[in-house]
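1. sequence? don't have it. structure:
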């Protein structure tokens, strides 16, 4: 086989004159998450008890919320996100699709067939903060409420 000849095999594998290159779904998912982190407007997903516990043990999952399907010559990507309140979702989704497509193609050489964005919820995190403290039901019940009526 000549050095310039490259053969495609199954799922993310490429054969070159020097040997095989295999790109795992996990590697692609990590690239997707890195690309998504570059786009403003994505909120952190709420943690389940199990994922929160494992993250406290130091085992983070950088590919959380990403599904990758590799075929012979292309990749399909699904990204599950939470968005920050007030963000225009269609605009955010298009930015995500563009950024993910570019990064995956640049870093892996794989052709990206689809980038599907699934908005799982909206985060009101910044809306519920009061003077640097998070707003809770308990603080609402214990903090005095100012009377805004004006005297006539």
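-> Looks like it came in fine. All values derive from a computational prediction rather than experimental measurement. Numbers count the residues shown, from 1 in each chain.
2. contacts for the longest strand belonging to the chain, please.
-> Among all segments of the chain classified by DSSP state E, the strand with the greatest residue count is strand 111-123. For strand 111-123, the surrounding residues in contact (Cβ atoms under 8 Å, 6 or more residues apart in numbering) are 43-46, 71, 73-85, 89, 93, 96-97, 100-101, 104-105. C-betas here are computed from N, CA, C, even on glycine.
3. which one is residue 109 nearest to, not counting chain neighbours?
-> Using Cβ to Cβ, 6 or more residues apart in numbering and skipping the chain neighbours, the partner closest in space to residue 109 is residue 14 (7.4 Å).
4. my guess is that neighbour is in a strand, correct?
-> Yes: applying DSSP: H, G, I helix; E, B strand; the rest coil, one finds residue 14 inside a strand.
5. who does the longest strand of the chain pair up with?
-> Sheet pairing here is set by DSSP bridges, and for strand 111-123 it gives strand 74-84 (parallel).
6. can you name the next helix or strand after the partner strand?
-> As assigned by DSSP states H and E, the chain's next helix or strand after strand 74-84 is helix 89-108.
7. and that following helix, average pLDDT?
-> When the per-residue pLDDT values of helix 89-108 are averaged, the result is 96.
8. could you do stretch 38-57 as well?
-> Per-region confidence: stretch 38-57 scores 66 on mean pLDDT.
9. repeat that for stretch 66-75.
-> Regarding stretch 66-75, the rounded mean pLDDT is 89.
10. make 52 the first number, not 1, from now on.
-> Fine by me, first position is 52 from now on; the one you just mentioned is stretch 117-126.
11. now it: buried residues?
-> By 16 or more other Cβ atoms under 10 Å, the buried positions in stretch 117-126 come out as 117, 119, 121, 126.
12. farthest-separated two in the residues you listed?
-> Every pair in the buried residues of stretch 117-126 was compared (Cβ to Cβ); the two farthest apart turn out to be 117 and 121, at 12.8 Å.
13. sorry, back to before: tell me if I'm right that the residue nearest to residue 160 and residue 123 touch.
-> No: under the contact definition of Cβ atoms under 8 Å, residue 65 does not touch residue 123, with a separation of 10.5 Å.
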